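In: Fold the following and give me the result.
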Amino acid sequence: MGANLDLIRATYEGSSSDENGRNLLAVLAPNAEWTEAEGFPYAGTYVGPEAIVAGVFRRLATEWTRYRADVHTYLEDGDRVAAFGVYSGTYKATGKSMRANFAHLYAMRDGKIVRMTQYVDTLMVQQALTLNL
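Out: From the prediction side, this is the model:
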């Protein structure tokens, strides 16, 4: 296991979500690009730690109950690390739960995340966001 993989693993596998968040902030480059998949509720590219926290993580924390990203597989190829797993949680506005497969591809430079690209089964997420009328 390489150093980059260890840094990414620490952002998912800390003892608490607060620890994961601190670990993530410690390894985000000042101009890191974080791209959420089209069709995901927070779709778009956020640049810099403040924008990433505000546009993605703060919203996950306030709009979902028990939101999790559980990784089952990591792959490392030099300065790239991939994490594969399953999202789960309940969307507060609808009370609907979801489970969706995801992949995160990280680009690393000098021990920092410079880019993350999300791939996710957005249909499963969208179903949780939609009220049945």
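In: What residues sit buried inside the helix or strand of the chain with the lowest mean pLDDT?
Out: When each helix and strand of the chain is scored by mean pLDDT, DSSP states H and E, helix 17-27 comes last, with a mean of 89. Within helix 17-27, the residues that count as buried by 16 or more other C-beta atoms under 10 Å are 20, 23-24, 27. C-betas here are computed from N, CA, C, even on glycine.
In: Could you check stretch 72-89 and say which residues are buried?
Out: Buried residues in stretch 72-89, defined by neighbour count with 16+ other C-beta under 10 Å: 74, 76, 81-83, 85-89.
In: Now render the residues you listed as CSV, adding secondary structure.
Out: Putting those into CSV (DSSP: H, G, I helix; E, B strand; the rest coil) gives the following:
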residue, secondary structure
74, strand
76, strand
81, strand
82, strand
83, strand
85, strand
86, strand
87, strand
88, strand
89, strand
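In: Kindly reformat those residues as CSV containing pLDDT and distance to residue 55.
Out: Shown next, in CSV, are these (pLDDT from 0 to 100; distance: C-beta to C-beta, whole Å):
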residue, pLDDT, distance to residue 55
74, 97, 25
76, 97, 27
81, 98, 22
82, 98, 22
83, 98, 20
85, 97, 21
86, 97, 22
87, 95, 17
88, 95, 21
89, 95, 17
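In: which of those sit farthest apart?
Out: 76 and 89 (27.2 Å; C-beta to C-beta).
In: so what's residue 106 bridging to?
Out: residue 81, residue 116 (DSSP bridges).
In: Just give me the closest of the buried residues of helix 17-27 to residue 7.
Out: The nearest member of the buried residues of helix 17-27 to residue 7, counting by C-beta to C-beta, is residue 27 at 5.0 Å.
In: Need the distance between the two termini of stretch 44-63.
Out: With C-alpha to C-alpha, to the nearest Å as the measure, stretch 44-63 spans 18 Å from end to end.
In: for it, which positions count as buried?
Out: For stretch 44-63, the neighbour count (16+ other C-beta under 10 Å) marks 46, 49, 52-53, 55-57, 60 as buried.
In: Among the buried residues of helix 17-27, which one lies nearest to residue 70?
Out: If you rank these by distance to residue 70 using C-beta to C-beta, residue 20 comes first, at 11.6 Å.
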